[in-house]
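# Predicted model and sequence follow; I will ask about them next.
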2 protein chains.
Amino acid sequence: MALNDRQLDRAFRALTDSTRRWMLEVLLEHDATVLQLAEPHPLSLPTLLQHLGVLEKYGLIRTYKVGRQRICSIVPEPDALFAAERRLRSVMWARYGTRLGSIPEDYPRMRASVRVR
Amino acid sequence: MALNDRQLDRAFRALTDSTRRWMLEVLLEHDATVLQLAEPHPLSLPTLLQHLGVLEKYGLIRTYKVGRQRICSIVPEPDALFAAERRLRSVMWARYGTRLGSIPEDYPRMRASVRVR
């Protein structure tokens, strides 16, 4: 998975905002409409659309229309996210090794959620 | 490890730049002088000092003087980096599970290096 530095920059940049992190967490679990993503947040719709625009511009999500609803979805192969995860884990592993712990046991407690109707 | 969103924002922001990623990779392996960090890079010293300043402001590294040399070092417990690594791995795990692969086998090939004299 050869990714240039610019793509890594963008993947990490996508993750610098808590709203965008939450959106990615939701969309990594399932597709969602813009309204589903907007509902749990106190942010204005334009602000949310701006965050979605950033994720789309960086190639991490795509959106498409079904009837009158706009659906958001993670791209089929989010290479930049894979590379960012791998890079961060490998450099941390070099120093801290098994202190990183394992995810599968802990994961369910950290899961993001959004109501799906 | 309870970390607020702002700390996570900062950890990911520290990682948005390839020079800072490289510095962190080196410093996670061993302490280095400013000059050792500067040498392999075509960047100006002020630019490098600015990147080191960002990492220090975000609480990821500290610097101290030994004689006339300034030494850079990862903080003893870089909680924000742990949290960022864990968050990214857990959300990716939710969807891709074992496709993330394991690091220890691959790590040595990806290691950053800097000459230590």
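Structure's in. What do you need? Model, not experiment: these values are computed from the prediction.

# In terms of helices and strands, where is the most centrally placed residue in chain A?
Nearest residue to the geometric centre of chain A (Cα atoms, centre = their mean): A:Leu24, 2.2 Å. Assigned by DSSP states H and E, A:Leu24 belongs to helix A:18-29.

# And for A:Cys72?
Going by DSSP H and E, A:Cys72 is part of strand A:69-74.

# hmm, the longest helix seen in chain A in reach of chain B?
Longest helix in chain A, counting residues (DSSP state H): helix A:79-96. Yes - legend: contact between helix A:79-96 and chain B by Cβ under 8 Å from any Cβ of the partner chain is shown at A:81-82, A:84-96. In this view, the C-beta of every residue, glycine as well, is placed from N, C-alpha and C.

# and that helix, what does it pack onto?
Judged by 3 or more Cβ pairs under 8 Å, 6 or more residues apart in numbering or on different chains; DSSP states H and E, helix A:79-96 is in contact with helix A:5-14, helix B:18-29, helix B:79-96, helix B:103-110.

# The ones you listed: lowest mean pLDDT?
For those, mean pLDDT drops lowest on helix B:103-110, to a mean of 57.

# returning to that earlier point: given the helix or strand that the helix holding A:Leu24 is followed by, what are its sheet partners and their directions?
Under the assignment DSSP H and E, the closest C-terminal helix or strand after helix A:18-29 is strand A:32-33. If you go by DSSP bridges, strand A:32-33 pairs up with strand A:69-74 (antiparallel).

# give me every residue that touches the residue of chain A most remote from its centre.
In chain A, counting by Cα atoms, centre = their mean, A:Arg95 sits farthest out from the average C-alpha position, at 26.3 Å. Applying Cβ atoms under 8 Å, 6 or more residues apart in numbering or on different chains, we find A:Arg95 in contact with B:Leu28, B:Glu29, B:Ile74.

# redo that, cut-off 10 Å
B:Glu25, B:Leu27, B:Leu28, B:Glu29, B:His30, B:Ile74, B:Pro78, B:Leu81 (Cβ atoms under 10 Å, 6 or more residues apart in numbering or on different chains).
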